[in-house]
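**Student:** next one to model:
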Amino acid sequence: MHILLIFLDGIGLGADDPAVNPFAAAHTPTLYQLANGHRWLAATGRQDSPRARFIPTDAHMGVPGRPQSGSGQAAILTGRSIPQLIGEHYGPKPNKAIRDLLAEDNFFKQVVAHNKTAALLEAYPPRWHRAINSGKSLRSSYQQAAYEAGLSIFDEKAIYAGDALGGDWTGEGWHTHLGYADTPVYSRYEAGRKLVELSRRYDFAFFSHWMTDIVGHRGTVEDGVSLLELFDEVMAGVLDTWDDAEGIVIITSDHGNLEDIGSRKHTENDVPTVIIGDAKTAFDSEFMTLADLVPRMAALLFG
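**Tutor:** Below you'll find the predicted structure:
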């Protein structure tokens, strides 16, 4: 049994309006399959298909206002209602209160404490590592969770060795934005296959794709459509490679954003959680909020 958690920053379940919602406009047959033939929209509701369970998930956790990245990501990885504990939604990076809660306990720490293996499968360039090590930049909540567990964050050496992926899935961004001329570039489908193959090295693997949030804040509907159609092809590779008996793939998010392009702000919509694999039945009707992920992952992984 192992778990691959695919985190898509800033995706929510919005209106069936292709003028503002890329999920309503994009051609994403693989994502439809994961939602029992439906688009990922507010009206879709809970869906079960032969391979997957699609669950609208509460990102508020009892606290009014717009959910934020720092507290939402921390809830995903602690199994605790972080907004309630700190009295607000907070982000994008975790404040001291959130960092203290992540240091106290998080799922990466639990995995290590059970003598199991875990990793962030996204690699970061040298300038990111320099900014973190110098104190000029804070880690995101999921990066902080891995750090508190004593895990190393991959760098360009892991990209060259094929031990990690770029945050854009294919690695093209290491060429176009970071100036690398000889790092690997994968097709979208190949990137999905590679993601599964890398995840099999660990009991718990976490991959973050943050561009969905960037496009939600600054992009166009057309940008969002392109990004979702890329992800759809990645997931085709994931599904063709994943064995449903080997564990579960989880897709989830911290807050809505991409589904309402033009507002430039986070939404208050539910976020989608998708569970792929034979063990999807563990995510039953009592699974409702982002804080409900860790208890179920722990039960599956630790027994």
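
**Student:** what's next to the helix or strand where Ile248 lies, contact-wise?
**Tutor:** Using DSSP states H and E, Ile248 sits within strand 247-252. Counting by Cβ atoms under 8 Å, 6 or more residues apart in numbering, strand 247-252 makes contact with 1-8, 34, 57, 76, 238, 242, 271-277, 279-280, 290, 293, 297, 300, all of which sit outside it. Where C-beta positions appear, they are placed from N, C-alpha and C, glycine not excepted.

**Student:** narrow these to just the buried residues.
**Tutor:** A residue is treated as buried here by neighbour count (16 or more other Cβ atoms under 10 Å); on that basis the buried members of the contacts of strand 247-252 are 2-8, 34, 57, 76, 238, 242, 271-277, 279-280, 290, 293, 297, 300.

**Student:** would you state the helices of the stretch 151-300 of the chain in chain order?
**Tutor:** 156-161, 172-176, 188-199, 211-218, 221-241, 293-302 (DSSP state H, counting those that start in this stretch).

**Student:** for Trp40, find the nearest of those.
**Tutor:** When these are compared by Cβ to Cβ, helix 221-241 sits nearest Trp40, at 8.8 Å.

**Student:** export the helices of the stretch 151-300 of the chain as a markdown table, with columns for distance to Ala123 and mean pLDDT.
**Tutor:** Conversion of those to a markdown table gives the following (distance: least, Cβ to Cβ, whole Å; pLDDT from 0 to 100):
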| stretch | distance to Ala123 | mean pLDDT |
| --- | --- | --- |
| helix 156-161 | 5 | 98 |
| helix 172-176 | 9 | 96 |
| helix 188-199 | 11 | 98 |
| helix 211-218 | 15 | 96 |
| helix 221-241 | 16 | 98 |
| helix 293-302 | 23 | 98 |
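
**Student:** turn the ones you listed into CSV, columns for distance to Glu122.
**Tutor:** Conversion of these to CSV gives the following (distance: least, Cβ to Cβ, whole Å):
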stretch, distance to Glu122
helix 156-161, 10
helix 172-176, 11
helix 188-199, 10
helix 211-218, 11
helix 221-241, 13
helix 293-302, 19
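
**Student:** so for Val20, which of those sits nearest?
**Tutor:** Among these, helix 221-241 comes nearest to Val20, with 6.6 Å by Cβ to Cβ.
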